[in-house]
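Trainee: structure for this input, please:
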Amino acid sequence: MTRILLYILVIIFILKIQVLTVGCANIVPPEGGYRDSIPPLLVHASPPDSSKNFSEKRISLTFDEFVQLDNWPQNLIMSPTPNTQPAIDIRLRTIVIRLKDTLEPNTTYTVNFGNAIKDVNEGNIAKNFTYIFSTGSTFDSLTLSGRVLLAETGKVDSTISVMLHRNGTDSAVVQEKPRYVTRLDTSGRFTFHNLPAGTFYIYGIKNEGGSYNYLSLDKQLFAFADSAVRIDTSNKPITLYAYREKPPAVASRPGPQIAIGQRGRGGSGGSDKRLKIQTNLSSGQLDLLSNLIFTFDSPLKSLDTSLIHFSSDSVFAPVSNYQITFDSTRKIVSLRHNWKEKTVYNVILDKDFAEDSLGRKLLKTDTISFTTKKLSDYATLKIRFKNLDLSTNPVLQFVQGETVAKSIPLTSAEITQSLFIPGEYELRILLDRNKNGKWDPGEFFGKHLQPEIVKPVSRRINVKANWDNEFDIQL
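Mentor: Numbers count the residues shown, from 1 in each chain. Down below sits the predicted model:
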């Protein structure tokens, strides 16, 4: 009897284990499949890709999965450039191209979709998908490659397009469509494929609103080669430097006269009826290397520096060795002085010291007080360059973010700064053609003047406060 009971208990135990095992298996979700990362693949083209003696008006491209088109009017490039863009339709797995232009004889055409073609499920991109055909019995097979850099920074803007024109007159970039167009990759490089032999004029342009024309001189990035390019089997890579031209000069009437070394009283911005002023002070402190800057919202109509009083310390001891200057916009006034470290200064602006073009003055006299920084807030900097070409009039630029924080013309392969603002800096070398210490853009029409070139230095530097910072840099 005992053996029978033991046998029954064993069977019950086994059955419970099976129930628990099945229960656990039921709550585990099934594993998902692999994510689709393969872009759409072309499985059929009619007419076939790379067709010769092409004379059709309709091209059908069928892929291995459902596809979608992302902003195709901006992505699609057809070369040679048609007068009328083709029409594009999409039907599940098939893209249909309807050509609206009369095709030229014995010409190789390419239709490049850029990044427009994607699959529906995962959005995988068929990058730079290209269909090619020839209206003759052969294909043009020459290439031209190069790079486009931003002249002011040495960096890349991959949204710039590169164009080839047959017409070499300056007006062609404004009035005519280019013959061939290609894009930049992320490193700023470009390649034209399937070109015929011949002479072309090459330009880079930031495509504005779907147009490849140079329409806005001071807003549109533009680049040009110094001479025509002969397309043959021995082409060398071309580098173009893009820039924006200076905005047209606006005539302005002369500003008020400025007196030197005067003293006076003060105020600051307020309501709409009050003259509004901003300064370059930071937390009530002034950089020892800077002037005190007053910036006004509107140009000043009048400025009386005899009503500006400049003093130091809490006892308001008058200071006489200073200069006040006025910029050409009549919106910036600078006070220059040989500042002492960790010293309190006061600027008193009389309520009648200035009036802007809207008739606004200070409502009352007010005082601006500030303290200069300590010498220990600064660093000592020494940089030694190797392979520096002084014949190019190099200017060393210290860059933070997108701002050139400081520029130093280089007259030798070594520079020393006894007071330098600490921080992390990107370095660039400006090749200062006209020796004015700043970057100058190009001027295409008439002059064909290239922009000045800025070359990035691969090494960044971290300048520490209250420290002797020394760097050796290989160019």
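Trainee: tell me the SS of the residue lying closest to residue 440 once chain neighbours are set aside?
Mentor: Excluding its sequence neighbours, the residue lying closest to residue 440 (C-beta to C-beta, 6 or more residues apart in numbering) is residue 452, at 5.0 Å. Just so you know, the C-beta spots here come from the backbone N, C-alpha and C atoms, and that holds for glycine as well. Following DSSP: H, G, I helix; E, B strand; the rest coil, we place residue 452 in the coil state.
Trainee: what's the burial count for residue 452?
Mentor: When neighbours are counted by other C-beta atoms under 10 Å, residue 452 registers 23.
Trainee: how about the one 3 residues further on?
Mentor: Burial of residue 455 is recorded as 16 neighbouring residues (other C-beta under 10 Å).
Trainee: now the helix or strand harbouring it: average pLDDT?
Mentor: Take DSSP states H and E as the rule and residue 455 turns out to sit in strand 454-463. In this model, strand 454-463 has a mean pLDDT of 95.
Trainee: what's the end-to-end length of stretch 362-379?
Mentor: 39 Å (C-alpha to C-alpha, to the nearest Å).
Trainee: identify each buried residue in stretch 47-58, please.
Mentor: Across stretch 47-58, burial judged by 16 or more other C-beta atoms under 10 Å covers 47, 51, 54.
Trainee: state the distance from the nearest residue to the first one once chain neighbours are set aside to residue 103.
Mentor: Across the structure, with C-beta to C-beta, 6+ apart as the measure, the residue nearest residue 47 apart from its sequence neighbours is residue 56 (5.6 Å). Residue 56 is 9 Å from residue 103, where distance means C-beta to C-beta, to the nearest Å.
Trainee: can I assume residue 116 is in contact with residue 73?
Mentor: No. Counting by C-beta atoms under 8 Å, residue 116 does not reach residue 73; the two are 9.0 Å apart.
Trainee: tell me which element residue 174 falls in.
Mentor: Using DSSP H and E, residue 174 falls in helix 172-175.
Trainee: next SSE downstream of that helix?
Mentor: Counting by DSSP H and E, what follows helix 172-175 is strand 180-183.
Trainee: so what touches that following strand?
Mentor: 77, 79-81, 114, 158, 161-164, 190-192, 195, 200, 212 (C-beta atoms under 8 Å, 6 or more residues apart in numbering).
Trainee: in that strand, which residues are buried?
Mentor: For strand 180-183, by 16+ other C-beta under 10 Å, it's 180-183.
Trainee: ok, now stretch 218-233?
Mentor: Under 16+ other C-beta under 10 Å, the buried positions of stretch 218-233 are 220-225, 229, 231.
Trainee: average model confidence for that stretch?
Mentor: Rounded mean pLDDT across stretch 218-233 is 93.
Trainee: start at 40 instead
Mentor: Yep, numbering from 40; the last one is stretch 257-272 now.
Trainee: give me the distance from that stretch to the chain's centre.
Mentor: Its chain's C-alpha centre and that of stretch 257-272 lie 20 Å apart, by C-alpha atoms, centre = their mean, to the nearest Å.
Trainee: which residues does that stretch contact?
Mentor: So stretch 257-272 is contacted by 181, 183, 187, 189-190, 196, 199, 203, 207, 212, 234-245, 247, 253, 274, 277, 279-287, 481, 483, 487, 489 (C-beta under 8 Å, 6+ apart).
Trainee: same thing but at 6 Å, please
Mentor: Here stretch 257-272 makes contact (C-beta atoms under 6 Å, 6 or more residues apart in numbering) with 181, 183, 187, 199, 234, 236-245, 247, 253, 279-281, 283-284, 286, 483.
Trainee: take the residues you listed and keep only those in helices.
Mentor: Using DSSP state H to define helices, no part of the contacts of stretch 257-272 is located there.
Trainee: mark which of those are buried, thanks.
Mentor: Looks like the contacts of stretch 257-272 have 181, 183, 187, 199, 234, 239-245, 253, 279-281, 283-284, 483 buried, using 16+ other C-beta under 10 Å.
Trainee: residue ranges with poor pLDDT in the stretch 240-389 of the chain?
Mentor: 248-249, 287-311 (pLDDT under 70).
Trainee: which stretches of the stretch 390-514 of the chain form strands?
Mentor: Along the stretch 390-514 of the chain, the segments classed as strands by DSSP state E, counting those that start in this stretch run 393-395, 405-411, 418-425, 433-439, 442-448, 453-459, 462-470, 493-502, 507-513.
Trainee: other SSEs contacting the fourth one?
Mentor: Which is strand 433-439. strand 442-448, strand 462-470 (3 or more C-beta pairs under 6 Å, 6 or more residues apart in numbering; DSSP states H and E).
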